[in-house]
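Engineer: let me see the structure of the following:
(2 chains)
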Amino acid sequence: DGGITQSPKYLFRKEGQNVTLSCEQNLNHDAMYWYRQDPGQGLRLIYYSQIVNDFQKGDIAEGYSVSREKKESFPLTVTSAQKNPTAFYLCASSINDNNYEQYFGPGTRLTVT
Amino acid sequence: LAKTTQPISMDSYEGQEVNITCSHNNIATNDYITWYQQFPSQGPRFIIQGYKTKVTNEVASLFIPADRKSSTLSLPRVSLSDTAVYYCLVAPKGSGGGGADGLTFGKGTHLIIQP
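Structural biologist: The predicted structure follows:
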């Protein structure tokens, strides 16, 4: 059963702590993406990766970091430098960066207090 | 990259056809138009993509006039389960998010279907 998974669904952290959100896909897609969504807003691109061991900043990369050591995995770390980390985080993948048919995971809702 | 404008919200009734229009006056020659659907607390789902004229699949149709400055997503005979937010994206294929504007979803159109 192919798809893209994110864990956990809900995550709570204290201010000042780094936290890593997991994203895994078994679709054999080359490209992967991280978005942030705030209440009542659209999605904003944080980082994307076109291929293993390569990634690029999106619109709002400050305070976030990623890695792409394996094709199927693209974890996102929300660092303590991110001023407003509470949000809904969505991971997506596509066959390659030449295709905007993106498949999204179920999302992780992060709350930082 | 092309910026899009959509109505913030729309209402309709079960069984009706719903048309959601997206304006993209600055669309470039190599831009494609993609529509997504999002339910609350879920990731968006790809609906349809097109470049010009008309594209149809099992769930929707996409109409793009000759000047490509707008596009219309058409949902036939909607049901209550079509209540969702619909996003229109315009971006060149192959940009890979370079510049990232093409991969920014606006606020979308909140479609509400009533019985």
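Engineer: is the helix or strand bottoming out on mean pLDDT in chain B up against chain A anywhere?
Structural biologist: Sorted by mean pLDDT, DSSP states H and E, the helices and strands of chain B end with strand B:84-92, the least confident at a mean of 90. Yes. Applying C-beta under 8 Å from any C-beta of the partner chain, one finds that strand B:84-92 is in contact with chain A at B:87, B:89, B:91. Bear in mind the C-beta positions are built from the backbone N, C-alpha and C, glycine included.
Engineer: give me the distance between the first one and A:V112.
Structural biologist: Between B:Y87 and A:V112 the distance, using C-beta to C-beta, to the nearest Å, works out to 26 Å.
Engineer: same thing with the last one?
Structural biologist: Here the criterion is C-beta to C-beta. By it, B:A91 lies 31 Å from A:V112.
Engineer: who has more neighbours out of the two?
Structural biologist: Neighbour count, other C-beta atoms under 10 Å in any protein chain shown: between B:A91 and A:V112, B:A91 has more, with 26 against 18.
Engineer: so that one bridges to which residues?
Structural biologist: Taking DSSP bridges as the rule, B:A91 bridges to B:Y32.
Engineer: do I have it right that it meets B:I27?
Structural biologist: No. Using C-beta atoms under 8 Å, B:A91 is not in contact with B:I27, being 9.8 Å away.
Engineer: re earlier: what's the closest of the residues of strand B:84-92 next to chain A to A:Q50?
Structural biologist: For those, the residue nearest A:Q50 by C-beta to C-beta is B:A91; the value is 14.5 Å.
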